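**Q** I'll drop the sequence and a predicted model, then ask my questions.
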Amino acid sequence: MKIRRLAQLALVVALVALGLIWLRFRASESSPAAPATASPAVQGGSLVATYRSEPRSFNRFVSPFSAEDLITRLSQDTLVRQNRVTGVIEPRLAREWTVSPDGLTWTMKLRDGVRFSDGEPFTAADVLFTFQALFDPAVKSDLASSFQVDGKPLVARAIDDRTVVITLPAPYGPGIGMLDSLPILPRHKLAAALEAGTFPDAWAVTTPLKEITGLGPFALSEYVSGTRLVLTRNPYFYGRDDQDRPLPYLDRLELDFVADQNAEILRLEAGQSDLMTDEVRAEDIAGLQPLAASGKIRLLDAGVSITPDGLWFNLRPDAAARRTKPWLEREELRRAISLAVDRTTFVDTVYLGAAEPVFGPVTRGHGVWYLPDLPRTDFNQQEARALLTGLGLTDRNDDGVLDDASGQPAQFSLLTQKGNTVRERASAVIQEQLRKVGLAVDVVALEDRTIFNRWAKGDYDAMYFGVRTDSFDPARNSEFWLSSGGFHFWNANQSTPASDWEASIDRTMRRQASTIDPAERQRLFADVQRTLATHLPIIYFAAPKVIAATSARLQGATPSVLSPLILWNAERLSIGPSAGGHPRP
């Protein structure tokens, strides 16, 4: 999943589209691009971050969860990286590249002298091995589909030890931006496992950490299940700052696993941690503001979220409820719900004002992809009731709840995530707002594993939930937009589109993804957004502000609305003095 792009990236893509000559992107060989803030002055020290889940594996190719992604970004590296703040594609292991006029062939020059954290040299052979493992059918990597265009995989070949050519099977709008999420693996450590067919079991959480090596700024040092993961400076990391000082600045980065966000807040307040990896909940902001005012912590505004939660109904053809409640699948019902919920009340109650109303999945945080004139369903209870009446739902016994033609109450269950206070509060607001137009909603909060299983089996009426994305570009989020996508929430993994409008979105999104002209891509995606707004398979109410909280001694943070908010640029974080006395050595 992925989304968004800003003006700088649009300029790069425009040059590709307009240039009938080779486009060369150059950067300093000495280091990755610096963040917008000045380089921190302090080197050394230890940072403690809290995180609410722990890894099931240290092998990102076989485990798709967020903890694995975070740890991979800290300990592994990629050929290029999308700057999480500017959207610009930055050099990483590739120091420069050229692209053919048709946008299909990318020739990448690798940095010289780069070594893995165990001291072994990095060469083009590691890049080729990574692609081999990625597309090996025995590995069954969840990442593989993200590196296909028109259902065909990217092809990598080496010209020499320092030059790799990557060929796309068809034009692709995001270009090599897709490589941001492909960690380059050590051939010398994992080739034997791939050959033996044991790659899916390699780098388990029980693997001795000295066997796990990478090209990232940190190396895994200590893992205590259920407690913490410690990473230490990779002495061979290639990065250097503008003053030619080695990166990372930190000697040690500790991830403490704290499942409860209330406990995370207490640790930050007590000076036992330096940052919360996820954003601050709306209800915690007011309590943290006095600490921020006194200089003990910092609250950093990253912008408007690009991953708002949404409400969708089960539109799978095998949904049991459709046999007894056919009105659950009707567009009129979804439009009535969108009209019946007062988004101002939703923002004030759910997010305590720290959000803004939205009418689709693309928010202002998406920059150039945002469509300000998207068709809206502004609060209108009278119109909502008229739509429900048109579905044959009326209050036949004067109990305040609408009934269908058979006398059954217009009632459905709404599943949401237990323990996620924002989603639980949002579901309660939806329940109350819909009660006012005669719809009865049973809110059912479930543990993560249970709610995922219910969704996968299609055992639900409706759900209020959401998932994160790791890109601004809509073409990198095809799993949501395409009817065949695994995160096409309301009816995932369709073999053929279930509706004409979904087929239309499929066609337009494929055109959008295969076009390298930025203006045309924006125009096509605007059409997609309008189609989705017309049929409302998923209903959105608000997009929260993304607020990150850190200790006052943390320096160099450049917060992003993309995950991880702060640790995406961990090599440039440092620890300095704190007036609030928040140190943990």
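**A** Right, received. Where do you want to start?
**Q** Leu388 reaches Arg335, doesn't it?
**A** No - the pair Leu388 / Arg335 is not scored as a contact, 10.0 Å apart, by CB atoms under 8 Å. Yep, even glycine has a C-beta here, placed from its N, CA and C like the rest.
**Q** between these two, which one's more packed in?
**A** More crowded of Leu388 and Arg335, by other CB atoms under 10 Å: Leu388, with 27 against 19.
**Q** check contacts around that one.
**A** Leu388 sits next to Glu332, Leu333, Ala336, Leu402, Ala410, Val437, Gly438, Leu439 when contact means CB atoms under 8 Å, 6 or more residues apart in numbering.
**Q** Leu328 versus that one, what's the distance?
**A** Leu388 sits 12 Å away from Leu328, going by CB to CB, to the nearest Å.
**Q** domains of this protein?
**A** Listed domain ranges for the chain are 55-211, 225-305+544-575, 310-543 (source: automatic domain parsing).
**Q** can you get me the start-to-end distance on the first one?
**A** Distances were taken as CA to CA, to the nearest Å; on that basis the terminal residues of domain 55-211 are 17 Å apart.
**Q** report the distance from that domain to the chain centre.
**A** Offset of domain 55-211 from its chain centre (CA atoms, centre = their mean, to the nearest Å): 18 Å.
**Q** what's the span of stretch 226-241, first residue to last?
**A** 35 Å.
**Q** that one: how far from the chain's middle?
**A** On CA atoms, centre = their mean, the centre of stretch 226-241 falls 23 Å from that of its chain.
**Q** which strand or helix spans the residue positioned nearest the centre of the chain?
**A** Nearest residue to the geometric centre of the chain (CA atoms, centre = their mean): Thr469, 2.2 Å. In this structure, Thr469 sits in neither a helix nor a strand according to DSSP states H and E.
**Q** I'd assumed Thr307 was in contact with it.
**A** Yes - using CB under 8 Å, Thr469 and Thr307 qualify as a contacting pair, with a distance of 5.6 Å.
**Q** what's the burial count for Pro326?
**A** Using other CB under 10 Å, Pro326 has 12 other residues around it.
**Q** next: the one 10 residues further on.
**A** Using other CB under 10 Å as the criterion, Ala336 is surrounded by 29 other residues.
**Q** which of the contacts of Leu388 tops the neighbour count?
**A** Within the contacts of Leu388, most neighbours by other CB under 10 Å means Ala336, with 29 neighbours.
**Q** any idea whether that one is helix, strand or coil?
**A** Assigned with DSSP: H, G, I helix; E, B strand; the rest coil, Ala336 falls in the helix class.
**Q** list the contacts of it.
**A** Ala336 sits next to Glu383, Ala384, Arg385, Leu387, Leu388, Leu391, Val437 when contact means CB under 8 Å, 6+ apart.
**Q** of those, which pair is most distant in space?
**A** Spanning the widest gap among these are Glu383 and Leu391, at 13.3 Å by CB to CB.
**Q** list the residues that contact Arg52.
**A** By CB under 8 Å, 6+ apart, Arg52 lies in contact with Phe257, Val258, Ala259, Asp260, Gln261, Glu264, Thr277, Asp278.
**Q** the same query, at a cut-off of 7 Å, please.
**A** In this structure, Arg52 makes contact with Val258, Ala259, Gln261, Asp278, judged by CB atoms under 7 Å, 6 or more residues apart in numbering.
**Q** out of these, who has the most neighbours?
**A** Using other CB under 10 Å as the neighbour criterion, Val258 leads those with 23 neighbours.
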